[in-house]
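Engineer: Predicted coordinates and the sequence they were generated for:
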Amino acid sequence: MLIVFEGIDGSGKGGQIRRLLSFFRQNGIKHRLHKYPTRRANEAFAHLRGEKDVAPGRLADIFADDILGERKKIEREIASGAVVVCDRYLHSTLAYQGVGMGFARLRRKLSGIDALAPDIVILLDVPARLSGERKRKQKTPDRFEKDGMFLEKVRANYLREAREGFLAYKYAVVDASRAKGEVFSDVVLHVEPLVVKRMGR
């Protein structure tokens with residue numbers, strides 16, 4: 001099965017993914033992790049660092065191609081009996097680049113490509129204000145992370161994706177402004193029944 005974690009910068013994806021992978025190890029559940037963007041998306045990283053200005057349409061293509069480039073690998077991992085966890089997926093592309101391109105326009109474009117639909121998208125939802133506070137404690141924010149108004153628009157796009165069911169069999173919107181343990185309890189509450197059902201656990 002395929003599980004995707006999404007949310008604006010500072011929503012806590014990395015920490016919750018680490019907790020879930022530890023949970024899988026403790027329960028003998030085979031798993032694989034994919035994190036996007038990968039190193040192949042050099043142009044996108046240059047944009048995030050402020051070294052280059054890349055148009056939203058071009059960024060969307062870069063991120064989508066990066067993800068689609070691993071489709072066969074992910075399919076093999078799922079076929080081998082693994083739970084595949086993705087730190088970001090095409091939902092990020094729609095949420096972020098949809099601000100500049102227009103949500104409906106980019107959704108039509110992304111809906112036309114041959115992408116795997118996750119069994120569940122865990123959307124960790126936090127206000128942009130809290131996101132900014134968290135990122136400033138971690139590192140120097142990139143151009144997306146330091147723009148609170150932009151991130152609120154991204155957040156709105158994510159919530160719209162959840163309402164409309166974009167590219168997923170199920171969405172779980174989790175309030176990620178709470179303590180990490182409370183957030184993880186909700187994550188497991190949504191994930192464990194799917195693992196039991198899909199993998200006979």
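Structural biologist: Arrived safely.
Engineer: C-alpha from now on. contacts and neighbour counts both.
Structural biologist: OK.
Engineer: so what does whatever helix or strand I67 lives in touch, helix or strand wise?
Structural biologist: According to DSSP states H and E, I67 maps onto helix 56-68. Using 3 or more C-alpha pairs under 8 Å, 6 or more residues apart in numbering; DSSP states H and E as the contact test, the elements touching helix 56-68 are helix 42-48, helix 90-101.
Engineer: Just checking the distance from the helix or strand of the chain with the lowest mean pLDDT to the centre of its chain.
Structural biologist: Ranking every helix and strand in the chain by mean pLDDT, DSSP states H and E puts helix 128-138 at the bottom, with a mean of 78. Centroid separation for helix 128-138 versus its chain: 18 Å, with C-alpha atoms, centre = their mean, to the nearest Å.
Engineer: try stretch 163-174
Structural biologist: Here stretch 163-174 shows a centroid-to-chain-centroid distance of 12 Å under the convention C-alpha atoms, centre = their mean.
Engineer: Same question for that stretch: list its buried residues.
Structural biologist: Buried positions in stretch 163-174, judged by neighbour count with 16 or more other C-alpha atoms under 10 Å: F166, L167, A168, K170, Y171, A172, V173, V174.
Engineer: okay if I get those residues as a markdown table plus distance to K109 and pLDDT?
Structural biologist: A markdown table is the format used below for the buried residues of stretch 163-174 (distance: C-alpha to C-alpha, whole Å; pLDDT from 0 to 100):
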| residue | distance to K109 | pLDDT |
| --- | --- | --- |
| F166 | 12 | 98 |
| L167 | 12 | 97 |
| A168 | 16 | 97 |
| K170 | 21 | 97 |
| Y171 | 21 | 98 |
| A172 | 24 | 98 |
| V173 | 24 | 98 |
| V174 | 27 | 98 |
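Engineer: other SSEs contacting the helix ranked longest in the chain?
Structural biologist: Across the chain, the helix with the greatest residue count (assigned by DSSP state H) is helix 180-199. Here helix 180-199 is seen to pack against helix 13-26, strand 171-175 when contacts are counted using 3+ C-alpha pairs under 8 Å, 6+ apart.
Engineer: Need the winner for burial among the helices and strands packed on helix 56-68.
Structural biologist: Of all the helices and strands packed on helix 56-68, helix 90-101 carries the top mean neighbour count, a mean of 22, counting by mean count of other C-alpha atoms under 10 Å.
Engineer: Convert that one to PDB, retaining C-alpha atoms only.
Structural biologist: These are the backbone C-alpha positions of helix 90-101, laid out as PDB (Å, rounded to 0.1, in the frame of the first residue of the first chain):
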ATOM      1  CA  LEU A  90       1.900  15.300  -6.300                       C
ATOM      2  CA  HIS A  91      -0.400  16.800  -3.700                       C
ATOM      3  CA  SER A  92       2.500  19.200  -2.800                       C
ATOM      4  CA  THR A  93       2.800  20.200  -6.400                       C
ATOM      5  CA  LEU A  94      -0.800  21.100  -6.700                       C
ATOM      6  CA  ALA A  95      -0.900  22.900  -3.300                       C
ATOM      7  CA  TYR A  96       2.300  25.000  -3.800                       C
ATOM      8  CA  GLN A  97       2.400  25.600  -7.600                       C
ATOM      9  CA  GLY A  98      -1.400  25.900  -7.700                       C
ATOM     10  CA  VAL A  99      -1.000  29.300  -5.900                       C
ATOM     11  CA  GLY A 100       0.800  30.700  -8.900                       C
ATOM     12  CA  MET A 101      -0.800  28.700 -11.700                       C
END
